[in-house]
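Engineer: below are the sequence and a predicted model for it; my questions follow.
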Amino acid sequence: MNLEELFEQYKEQSIRGRYLTLDHIQPLLDKLNTNNQVTIIGKSVLEQPIYSYQIGNGETRIYLWSQMHGNESTTTKALFDFLNVLNSGSEFASKMLKTFTFYCIPILNPDGAKLYTRENANKIDLNRDSQNLTQPESNVLRAAFESFKPHYCFNLHDQRTIFGAGDTGKPATVSFLAPSYNEEREINDNRLKAINLIAGINDELQKYIPGQVGRFDDSFNINCIGDTFQFLGVPTILFEAGHYNGDYDREITRKFIFFSLISSFKLISENDLVDNRISDYLNISQNKVVFYDFMYKNIKINYDGIEIITNFVAQYKEELIENTIHFNAYIVEVGELENYFGHYEYDAKGAFYSDDYSNFPKTNQKADFYLNKNVKFVNGLIKS
């Protein structure tokens, strides 16, 4: 199976970028709803519908949900790409639908999606509400879990650009976790199923993004939904869509999430999962906060009347303005910054820093500045 060709053939062209709301996916749900497979299973805080989509009649039940955090849309795009495959009428699709029953919640947090926030409209992180169940969205997710009785759970998220695959200097483009089910982080049969599946997915991804797969921290937190579902005895896999060089719209990462979904169900359907791949799983580099969006090295600045050579870094803030996400770069730190990397790095080789403010790279200041007064940077990048 050629995953690149499959993606190009079934990529849902009507959705792209980072801002994805119910308005964007409603036409897709209408198109997919050929036989009442789409259901409104609840309402958000602001009374927006929460939709499910069910397809397949196989014995193995798969529960997938995306945009639990409203500003994490990459996996939603990949989910619709995958649903296009399932609706393609191909031999592969036929096999998947006979093997599995898929139950999907494309956007669990429609209010957060509209506002482009991690939290819901009550400013609650739904991924810390799995025990108290104080929010309507949390109750929808839990009710569907209890009624559907899945054999596997796929918890689909995005992660920030700050994460690298260990200390390798490579970004964690896709990361995974088999969540813990207890404080001791022990491995029982259900967690082992998730571990073995992740090891199999990693084998496939290494062909395309070698060294750019990460393993998320497995500290136990029963308030997180993945830990709760693992505790309740269902193998759960956390997906984290991360950064690929230059891909701030996450259209390339979207492809690797699609590859991961296809690989997951291929592995399960073919029963091609080795009994114990704990060591392979643990050999995946652990996610580490080692990246900034911009790193400027060997900058000369005037510090209290003394000229010194130092480094500084800037980070994008994703700001929703008139229904469009704008990436605006702000300075976040000045110093040696050893053991950190920039997705964009610039060696100034001692050039003198100046700006239109105080001629010092201050925290929270826009990354607009000059080097030697003749090289101009606007929003973090050289202005040509």
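Structural biologist: Yep, it's here.
Engineer: next up, the contacts around G17.
Structural biologist: Contacts for G17 (C-beta atoms under 8 Å, 6 or more residues apart in numbering) come out as D249, E251, I325. For the C-beta atoms, the positions are set from N, CA and C on the backbone; glycine is no exception.
Engineer: assess the claim that H326 and Y248 are in contact.
Structural biologist: No: with contact defined as C-beta atoms under 8 Å, H326 does not reach Y248; the gap is 10.8 Å.
Engineer: circling back: looking at the contacts of G17, which has the most residues close by?
Structural biologist: Counting neighbours by other C-beta atoms under 10 Å, I325 comes out on top of the contacts of G17 with 18 neighbours.
Engineer: how close does V289 get to D218?
Structural biologist: Distance, V289 to D218, using C-beta to C-beta, to the nearest Å: 16 Å.
Engineer: now the end-to-end length of stretch 269-276.
Structural biologist: 18 Å (C-alpha to C-alpha, to the nearest Å).
Engineer: could the contacts of G17 go into JSON lines alongside pLDDT, distance to T168 and secondary structure?
Structural biologist: Listed next are those as JSON lines, based on pLDDT from 0 to 100; distance: C-beta to C-beta, whole Å; DSSP: H, G, I helix; E, B strand; the rest coil:
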{"residue": "D249", "pLDDT": "98", "distance to T168": "24", "secondary structure": "coil"}
{"residue": "E251", "pLDDT": "98", "distance to T168": "24", "secondary structure": "helix"}
{"residue": "I325", "pLDDT": "97", "distance to T168": "29", "secondary structure": "strand"}
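Engineer: check the residues you listed against F341 and report the nearest one.
Structural biologist: D249 (21.0 Å; C-beta to C-beta).
Engineer: where does pLDDT dip in the stretch 201-350 of the chain?
Structural biologist: Counting by pLDDT under 70, the stretch 201-350 of the chain contains no low-confidence segment.
Engineer: same thing but at 90, please
Structural biologist: The model of the stretch 201-350 of the chain has pLDDT under 90 over residues 271-275, 302-305.
Engineer: now the helices for this structure?
Structural biologist: Secondary structure of the chain by DSSP state H: the helices cover 3-10, 22-32, 74-86, 91-99, 110-115, 136-148, 189-205, 225-231, 251-269, 278-282.
Engineer: any idea which of those helices gets closest to I306?
Structural biologist: Of all the helices of the chain, helix 251-269 sits nearest to I306, with 43.5 Å by C-beta to C-beta.
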